[in-house]
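S.K.: A predicted structure for the sequence below; I have some questions about it.
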Amino acid sequence: MMYGEEVVERILFTENDIKEVCAKLGKQIYEDYKERNPILICTLKGSFMFFAELVKNIGADFSVEYIKASSYIGAHTSGEVKLSGFFTNFEVKNRDILIVEDIVDTGLTIQKLTKFLLEKGATSVEVVTMLNKKVRRIVDVTPKYVGFEIPDLFVIGYGLDYNEKYRNIPFIGIMNPKFIEK
């Protein structure tokens, strides 16, 4: 048993499931962006594993950048999105942007990040997400590329965490509620 697996109530998506969906998404992104040389922005920390698997499957030229976006404390969103990163180190003006997210939940992070990038002059901003949790959406955002739709469950693994733990679990699982602090 790997560290952290005891907190998983049930596996939703195996590592192979994730690799298969990354291959499918990579193919779609290649078709849409093969002539455009987009900037792929990895939202840290949660999407780093998904990002790494996804980019291996995109056959087009692209640039890579990173941004730290956070709104969760434990298992609950704070409702406030904090962005930090390297925006001063790269130019988005007249560029196509593809934000790579681990999970789109309330939509607040994507809304804030999209608005910021468009204000900086990006030509287009689209989202690819490993997990889409539409049931929790409180703002109108729709990712263009979706790996998996999920219900309102708290999930960990494959980069997703609970209080900075369990990112290293090689699959996505439902966190056992008895391990979530109230």
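M.R.: The structure has been received and is ready for your questions. For clarity, every value in this text was computed on a predicted model and none was experimentally measured. Numbering: from 1, shown residues only.
S.K.: Contacts only, for Val55.
M.R.: Gly26, Leu40, Phe62, Val64 (Cβ atoms under 8 Å, 6 or more residues apart in numbering). Any C-beta I mention is one placed from the backbone N, CA and C, and that applies to glycine too.
S.K.: If we ignore the residues flanking it in sequence, what's nearest the first one?
M.R.: Spelled out, that is Gly26. Spatial nearest neighbour of Gly26, excluding adjacent residues (Cβ to Cβ, 6 or more residues apart in numbering): Asn57 at 2.6 Å.
S.K.: The one you found and Ile41: what is the separation?
M.R.: Using Cβ to Cβ, to the nearest Å, one obtains 17 Å as the distance from Asn57 to Ile41.
S.K.: out of the two, which sits in the more crowded spot?
M.R.: Taking other Cβ atoms under 10 Å, Asn57 and Ile41 do not tie; Ile41 has more neighbours (28 against 17).
S.K.: What's the mean pLDDT across the strand or helix carrying that one?
M.R.: Counting by DSSP states H and E, the element that carries Ile41 is strand 39-44. Mean pLDDT, strand 39-44: 93.
S.K.: Residues in contact with that strand: which ones?
M.R.: By Cβ under 8 Å, 6+ apart, the residues outside strand 39-44 that reach it are 48, 51, 55, 58, 62-69, 85, 90, 92, 95-102, 109, 113.
S.K.: now stretch 57-65
M.R.: With Cβ under 8 Å, 6+ apart as the test, stretch 57-65 has contacts from 22-23, 25-27, 29-30, 33-42, 55, 85-86, 89-90, 98.
S.K.: Using PyMOL, define a selection of the buried residues within the residues you listed.
M.R.: The buried subset of the contacts of stretch 57-65, as determined by 16 or more other Cβ atoms under 10 Å, is captured in PyMOL by this line:
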select buried, resi 22+25+26+29+33+38+39+40+41+42+55+85+98
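S.K.: Just the ones of the contacts of stretch 57-65 in helices?
M.R.: Using DSSP state H, the members of the contacts of stretch 57-65 that fall in helices are Cys22, Ala23, Leu25, Gly26, Lys27, Ile29, Tyr30, Tyr33, Val55.
S.K.: Might you report the residue contacts of the third one?
M.R.: The contact partners of Leu25, taken as Cβ under 8 Å, 6+ apart, are Leu54, Asn57, Val128, Tyr145, Gly147.
S.K.: Kindly recompute the last result at 7 Å.
M.R.: Contacts for Leu25 (Cβ atoms under 7 Å, 6 or more residues apart in numbering) come out as Leu54, Val128, Tyr145, Gly147.
S.K.: Need the pLDDT of the closest residue to the first one other than its chain neighbours.
M.R.: I take that to be Leu54. Take Leu54 and drop its neighbours on the chain: the residue closest to it by Cβ to Cβ, 6+ apart is Cys22, 4.8 Å away. With respect to pLDDT, Cys22 scores 98.
S.K.: What of the one 4 residues further on?
M.R.: For Gly26, the pLDDT comes out at 98.
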